[in-house]
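Asker: Next input, structure requested:
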Amino acid sequence: MLASCKCLWFELKSLVFAEGEPGGRQRAEEARADRNCQLNDEKPLFGIPNELLDAVVETICEDPTLYCHSFFHKRFVRPNKCCPQLPLRSTCRRFQERIDGRSKFWTSLSGTQHGQCVPHPRLLERWIELAGASLELYFHISPPLVDCEHRGEVVCDPQRFTRQNLEIFMEQAPRWAGIAFDFDDDMASVYLDRKPSPKHLKLLELNASRCSNKIANELLNSITEAVLTVQQLSWTSPQDFRVLSDTNRLIIPALHSLHVAGAAIDDVVAFLNNIEAPQLDTAWLQTCREDARWTSGNDIDRWVRVGEKLVRALVRDGIKTPQMVTVMDDIASNLQEFLPLVEAVGACRRIERLRIDTACQKNLTQLEGVGRTITLDSDGIVTLDYDRNTLWNLFY
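Answerer: Next up is the predicted model:
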């Protein structure tokens with residue numbers, strides 16, 4: 001044992017001295033790598049069955065705290081220097097092969113600041129490097145979730161890393177397969193200045209709820225060419241959103257799934273009227289709780305006023321009427337206020353299924369047993385589900 005330790009000591013010592021010679025550093029690194037491989041082969045880890053190694057990697061990579069999600073994409077990795085994948089892949093070649101083989105872990109990541117200056121731009125660059133040079137990439141970013149606590153001690157711009165991370169993502173635009181960007185005006189300006197031109201974008205999610213109406217329209221203009229290959233689109237409008245006269249009409253020939261959110265249905269309709277989607281199959285339409293214009297006194301009239309307007313935006317030339325429409329309403333105060341919407345959808349006789357998701361439970365019992373399916377999940381969300389026969393025959 002002592003002789004073995006002395007041998008290893010002299011071997012390492014010779015590697016250190018070799019680094020000072022011409023070309024010695026490279027030879028030393030190669031020798032050190034060979035020695036590491038030899039040591040790994042001698043360690044007990046070498047004898048662990050493949051099934052157990054797979055289970056370890058699976059358990060670590062499936063940790064839900066490592067991920068965030070957008071509307072369509074459920075697994076954006078939130079990189080940090082303590083992620084177990086980084087030290088684990090350095091343990092031995094067998095772990096490295098298994099971790100690197102999980103391409104989704106490296107190709108789908110978030111640049112949102114979820115910790116103190118985390119993720120660092122250099123860490124994102126390393127993450128993209130580990131993804132390889134040929135795989136498609138999925139990116140998510142939003143304004144920082146935390147403030148820099150050391151701003152009073154050192155010069156620190158809390159938005160600096162966010163802008164740098166976004167710029168790193170922009171450099172990879174030719175490889176984008178999906179992006180989910182949540183913008184304010186400052187972040188949107190970085191995006192607009194770079195004028196990205198992705199060629200194979202399939203998933204596009206833009207949240208402009210923090211943007212001004214002018215910037216939101218500029219974002220629509222910027223994606224005119226990018227949407228040609230998009231199959232899933234999510235758009236969140238700013239409050240009081242209006243499409244300006246110089247905004248391009250969005251023609252999205254491959255779109256089959258659409259999610260549109262706004263403070264009010266008027267904001268949703270404004271976007272719907274500006275797109276053409278000949279292959280549309282499913283639509284999710286969402287109103288958000290931030291809208292302060294509706295009070296309990298006029299909620300009942302809301303869908304009377306905009307129900308037919310919404311249906312006209314979905315049943316017209318240039319857009320294939322979706323077979324299924326889901327309305328996600330966060331501001332309803334009475335389930336009966338949805339009846340004008342149901343009447344409008346049923347009257348058009350083109351939409352085959354209507355789902356309404358809402359946290360409101362008022363008058364729930366009065367709507368049971370009249371031809372629709374009603375469910376209540378553990379989070380208190382009520383789902384009213386109308387099939388084609390119910391929609392087309394309920395009011396006739």
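Asker: ok, Thr162 - contacts?
Answerer: Each residue near Thr162 by C-beta atoms under 8 Å, 6 or more residues apart in numbering is listed here: Gly111, Thr112, Gln113, Ile141, Pro143, Pro144, Met187. The way it works is simple: take the backbone N, C-alpha and C, and place the C-beta from them, glycine included.
Asker: Strands of the stretch 251-396 of the chain, residue ranges please.
Answerer: Ranges of strands within the stretch 251-396 of the chain are 257-262, 275-276, 282-287, 324-329, 353-358, 373-376, 382-386, based on DSSP state E, counting those that start in this stretch.
Asker: so the first one versus strand 282-287, what angle?
Answerer: Orientation note: strand 257-262 sits at an angle of 10 degrees relative to strand 282-287 (axes from the mean of the first three to the mean of the last three C-alpha atoms, to 10 degrees).
Asker: Low-confidence bits of the stretch 51-200 of the chain, can you list those?
Answerer: Confidence mapping of the stretch 51-200 of the chain against pLDDT under 70 gives the ranges 147-158.
Asker: Recalculate using a threshold of 90.
Answerer: In the predicted model, the stretch 51-200 of the chain carries pLDDT under 90 at residues 51-69, 73-75, 77-107, 113-123, 126-127, 129-135, 144-162, 194-197, 199.
Asker: What of the stretch 251-396 of the chain?
Answerer: Residue ranges of the stretch 251-396 of the chain with pLDDT under 90: 262-267, 287-309, 316-318, 323, 328-396.
Asker: care to break the protein down by domain?
Answerer: 73-201, 253-396 (automatic domain parsing).
Asker: what's the closest of the ones you listed to Val57?
Answerer: domain 73-201 (4.6 Å; C-beta to C-beta).
Asker: now the end-to-end length of the closest one.
Answerer: Start and end residues of domain 73-201 are separated by 14 Å (C-alpha to C-alpha, to the nearest Å).
Asker: And stretch 86-100, by the same measure?
Answerer: Taking C-alpha to C-alpha, stretch 86-100 runs 10 Å from one end to the other.
Asker: before we move on, the earlier item: export the strands of the stretch 251-396 of the chain as JSON lines, with columns for mean neighbour count.
Answerer: Shown next, in JSON lines, are the strands of the stretch 251-396 of the chain (neighbours: other C-beta atoms under 10 Å):
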{"stretch": "strand 257-262", "mean neighbour count": "22"}
{"stretch": "strand 275-276", "mean neighbour count": "18"}
{"stretch": "strand 282-287", "mean neighbour count": "21"}
{"stretch": "strand 324-329", "mean neighbour count": "20"}
{"stretch": "strand 353-358", "mean neighbour count": "20"}
{"stretch": "strand 373-376", "mean neighbour count": "12"}
{"stretch": "strand 382-386", "mean neighbour count": "18"}
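Asker: With distance to Asp54 as added columns, please give those strands in CSV.
Answerer: Below are those laid out as CSV (distance: least, C-beta to C-beta, whole Å):
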stretch, distance to Asp54
strand 257-262, 33
strand 275-276, 44
strand 282-287, 35
strand 324-329, 38
strand 353-358, 38
strand 373-376, 37
strand 382-386, 38
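Asker: quick one: which of these is nearest Ser70?
Answerer: With distances scored as C-beta to C-beta, the stretch of the strands of the stretch 251-396 of the chain nearest to Ser70 is strand 257-262 (9.7 Å).
Asker: Can you tell me what sits against that closest one?
Answerer: So strand 257-262 is in contact with 71-72, 205, 209, 231-237, 239, 241, 268, 270-272, 275, 277, 280-288, 322, 328, going by C-beta under 8 Å, 6+ apart.
Asker: Output that strand in PDB, but only the C-alpha positions, please.
Answerer: Provided in PDB are the C-alpha atoms of strand 257-262 (Å, rounded to 0.1, in the frame of the first residue of the first chain):
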ATOM      1  CA  SER A 257     -52.400  25.600 -31.200                       C
ATOM      2  CA  LEU A 258     -53.000  29.200 -30.000                       C
ATOM      3  CA  HIS A 259     -53.100  30.700 -26.600                       C
ATOM      4  CA  VAL A 260     -54.100  34.400 -26.300                       C
ATOM      5  CA  ALA A 261     -54.300  36.200 -22.900                       C
ATOM      6  CA  GLY A 262     -55.200  39.800 -22.000                       C
END
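Asker: just to revisit the earlier point, right, and the domains of the chain - which one's nearest Glu218?
Answerer: domain 73-201 (5.7 Å).
Asker: Let me see the contact set for the residue nearest in space to the middle of the chain.
Answerer: Nearest to the mean C-alpha position of the chain, by C-alpha atoms, centre = their mean, lies Ser70 at 3.1 Å. Contacts for Ser70 (C-beta under 8 Å, 6+ apart) come out as Phe76, His140, Ala180, Glu205, Ser234.
Asker: now, which of the contacts of Thr162 lie within strands?
Answerer: Taking DSSP state E, the ones among the contacts of Thr162 that sit in strands are Ile141.
Asker: Which one (most neighbours) among the contacts of Thr162?
Answerer: Gly111 (27 neighbours; other C-beta atoms under 10 Å).
Asker: I'd like the distance between that residue and Pro119.
Answerer: Using C-beta to C-beta, to the nearest Å, Gly111 is found at 7 Å from Pro119.
Asker: Same question for Thr375.
Answerer: Thr375 is 39 Å from Pro119, by C-beta to C-beta.
Asker: swap in Leu354?
Answerer: Remark: distance between Leu354 and Pro119 (C-beta to C-beta) = 41 Å.
Asker: circling back: which neighbours do Gly111 and Pro119 share?
Answerer: Joint contacts of Gly111 and Pro119 (C-beta under 8 Å, 6+ apart) are Asn165.
Asker: Not counting sequence-adjacent ones, nearest residue to Asn273?
Answerer: Ala313 (5.3 Å; C-beta to C-beta, 6 or more residues apart in numbering).
Asker: Next, count neighbours for that neighbour.
Answerer: Using other C-beta under 10 Å, Ala313 is surrounded by 22 other residues.
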